[in-house]
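*Asks:* let me see the structure of the following:
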Amino acid sequence: MMANLFSSFDPSTNIYSVNWISSLIIFLIMPPALWMIPSRYSFLWNTIISSIHKEFKILTKNSKGSTLMFTSIFSLILFNNFMGLFPYIFTSTSHMTMTLSIALPLWISFMLIGWINNTTHMLAHLVPQGTPPVLMPFMVCIESISNVIRPGTLAIRLSANMIAGHLLMTLLGNTGPILSLPLINFLIIVQIALLTLESAVSIIQSYVFSILSTLYFSEVN
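*Replies:* Sure thing, here's the model as predicted:
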């Protein structure tokens, strides 16, 4: 049993010294047939990416090339989330270092694009339509704060959801040595159910991160 429950998320306490290389491990284990020849894997992945692309294209108002960026972010987060479900592979998306490194540059670039190209549009966003004159100063403060904390909420949402499920699985797994045989069988069933749930969470969180980034981008256009 580990001394600290959070040590599984600490790169310095893992048995490997190159934990962050897990962000690229998907390219090492991915079968070359996925890229070289048409297959079931390529058909499935192309179907997923096409559906995501169509949805992002509507939200970005047909901005040229923008959907490529958001589908790439979706793929990166999805791969890293899934790789973290395998034993002895470091979950990079459970760290703010990884999630904030994606969210913060996106938000800064959106703000630069909006304030440089659409200054009037950005100022209009600070005061919602129909706001009474008395409440306008308060609405400007509230809208400004909600805008500033967006990269933090994006990063925290992703990392917190990835940590929560992994912690629960780790906590239940550590109780295995002290359980009887019938309870161990029940624990295995629960762990399989949690693993299935975590697989769904991995897909949902990558989609939520990318779709919110797309919505933030659409607001500055």
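
*Asks:* check contacts around residue 85.
*Replies:* Residues counted as contacts of residue 85 (CB atoms under 8 Å, 6 or more residues apart in numbering) are 195, 198, 199, 202. (Glycine included, C-beta is placed from N, CA and C.)

*Asks:* using the three-state scheme, assign residue 129.
*Replies:* coil (DSSP: H, G, I helix; E, B strand; the rest coil).

*Asks:* contacts only, for it.
*Replies:* Applying CB under 8 Å, 6+ apart to residue 129 gives no contacts.

*Asks:* longest helix in the protein, please.
*Replies:* helix 181-219 (DSSP state H).

*Asks:* worst-scoring helix or strand of the protein, pLDDT-wise?
*Replies:* The least trusted helix or strand in the chain, going by mean pLDDT, DSSP states H and E, turns out to be helix 33-36, with a mean of 63.

*Asks:* check the offset of stretch 130-141 from the chain's centre.
*Replies:* Centroid separation for stretch 130-141 versus its chain: 34 Å, with CA atoms, centre = their mean, to the nearest Å.

*Asks:* any chance you could map the helices in this structure?
*Replies:* Going by DSSP H, the chain shows helices at 26-29, 33-36, 40-59, 66-83, 96-117, 119-125, 136-148, 150-174, 181-219.

*Asks:* just give the closest residue to residue 55, not the sequence neighbours.
*Replies:* Excluding its sequence neighbours, the residue lying closest to residue 55 (CB to CB, 6 or more residues apart in numbering) is residue 211, at 7.6 Å.

*Asks:* which residues touch that neighbour?
*Replies:* 55, 56, 59.

*Asks:* redo that, cut-off 10 Å
*Replies:* Contact analysis of residue 211 by CB atoms under 10 Å, 6 or more residues apart in numbering lists 52, 55, 56, 59, 70, 74.
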